[in-house]
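*Asks:* Compute the structure for the input listed below.
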Amino acid sequence: MAKLPDDVLAHFVDREEFCHPEWPAISQKIEAGIPEEQKTEIWREAVLTWLDRVQKKLGPTYTIFETRHFFLVANPTGKPVRDYFAFVERTRQLLHEVLQNAAWKGGYGKHVVLLFDEQKDYYQYLAPFYGDGDHPASGGVFLRGGGYRHIAIPFDRESFLTTFAHEYTHNCLCHLAIPRWLNEALAMRFERMMVSSNALIVDHEVLEKHEKQWNADTIQEFWKGESWSKADESFNLSYQLSRILLGKIEEVIRPPKERLRSFILEAHYRDAGEVSSLKHLQVGLGDLVTDFLGNGEWTPNPDQWKASK
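*Replies:* Have a look, this model is predicted:
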């Protein structure tokens with residue numbers, strides 16, 4: 001096994017008692033000082049050095065597992081870990097088959113999943129990735145901050161598979177400048193594909209909540225991706241609206257798979273995907289909302305976003 005140079009090891013630092021490597025600095029040292037034929041092995045050692053320190057912090061019941069494309073840090077007690085190995089690999093295969101050239105192919109290292117038994121450990125690990133203030137409760141998260149993209153999940157037997165499918169979808173889309181609403185909609189779409197779940201029933205009560213929530217100002221928060229950051233009703237309604245809009249694209253517009261992938265590839269957060277939608281789906285995003293909520297000022301307005309800064 002390759003030995004990490006001392007100047008690389010110096011960047012494995014602890015924050016909130018967990019190891020949070022300084023990945024940009026580590027990457028720079030590896031790129032500048034390691035021959036190309038050794039980089040895969042060095043990156044593997046770097047990741048295992050990090051995961052070994054996380055595992056030691058979590059305690060002796062935790063183990064580092066490895067599959068073809070993943071590292072999984074988990075306490076195997078009472079968990080069907082072999083079933084989980086098969087599921088994560090199957091999820092990866094299906095997502096790449098469906099997304100094709102829209103899926104991130106990855107770099108030198110494997111995907112990483114951290115599975116926490118204790119909520120306190122989970123939130124302590126997440127703390128360095130978030131600023132001060134209130135944040136919505138989390139049942140799992142894809143973390144791109146810091147430099148080595150990975151997934152962290154607080155273990156729940158009933159929801160682990162669904163949560164992993166959701167967060168791994170974000171992992172597969174992380175190289176795109178995709179708007180938040182479409183990113184979340186696709187993650188919910190693939191979690192339903194991998195794990196059967198109840199359909200979203202838009203009854204009078206649900207519609208009434210959306211009619212109350214969305215107006216000319218709050219819809220811009222949705223398109224801009226800000227409504228998910230609020231620890232209130234807009235958080236859940238944003239997920240629902242995203243799911244409804246993608247459903248309209250798939251079930252009403254029904255574009256060929258190639259056009260849908262092109263829409264996903266070119267949809268940009270700076271206009272919520274409006275240009276890509278007009279180009280590949282021949283429909284404006286505001287028209288999709290109109291079909292759900294009726295007439296209103298629903299079209300993404302990036303000029304308003306700039307003015308509100």
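
*Asks:* hey, let's count contacts and neighbours off CA atoms from now on
*Replies:* Will do.

*Asks:* Quick check: the gap between residue 90 and residue 279.
*Replies:* Separation of residue 90 from residue 279 (CA to CA, to the nearest Å): 33 Å.

*Asks:* Give the residue from these two that has the larger number of neighbours.
*Replies:* Legend: neighbour count by other CA atoms under 10 Å for residue 90 and residue 279, higher for residue 279 (15 against 12).

*Asks:* Is that one in a helix, a strand, or coil?
*Replies:* helix (DSSP: H, G, I helix; E, B strand; the rest coil).

*Asks:* Make sure residue 146 is actually in contact with residue 23.
*Replies:* Yes. At 6.1 Å, residue 146 counts as touching residue 23 under the criterion of CA atoms under 8 Å.

*Asks:* which of these two has more neighbours?
*Replies:* Neighbours per residue (other CA under 10 Å) separate residue 146 from residue 23, with residue 23 holding more: 18 against 14.

*Asks:* What residues does that one make contact with?
*Replies:* With contacts defined as CA atoms under 8 Å, 6 or more residues apart in numbering, residue 23 is in contact with 11, 146-148.

*Asks:* Counting neighbours, what do you get for the closest residue to residue 7 other than its chain neighbours?
*Replies:* Closest residue to residue 7 in three dimensions, ignoring its sequence neighbours and counting by CA to CA, 6 or more residues apart in numbering: residue 29, at 7.7 Å. For residue 29, the neighbour count with other CA under 10 Å is 14.

*Asks:* hang on, residue 113 in a strand?
*Replies:* Yes. The assignment for residue 113 is a strand, going by three-state DSSP.

*Asks:* Can you name the residues that contact it?
*Replies:* 70-73, 150-153.

*Asks:* how about 7 Å then?
*Replies:* Residues near residue 113 by CA atoms under 7 Å, 6 or more residues apart in numbering: 71-73, 150-152.

*Asks:* And for residue 242?
*Replies:* 181-182, 184-185.

*Asks:* Identify each buried residue in the helix or strand hosting it, please.
*Replies:* Applying DSSP states H and E as the criterion places residue 242 in helix 233-248. Neighbour counts using 16 or more other CA atoms under 10 Å place 234-235, 237-247 of helix 233-248 among the buried residues.

*Asks:* Check the offset of it from the chain's centre.
*Replies:* 16 Å (CA atoms, centre = their mean, to the nearest Å).

*Asks:* before we move on, what about stretch 7-20?
*Replies:* In terms of CA atoms, centre = their mean, the centre of stretch 7-20 is found 24 Å from the chain centre.

*Asks:* Alright, I will stop here.
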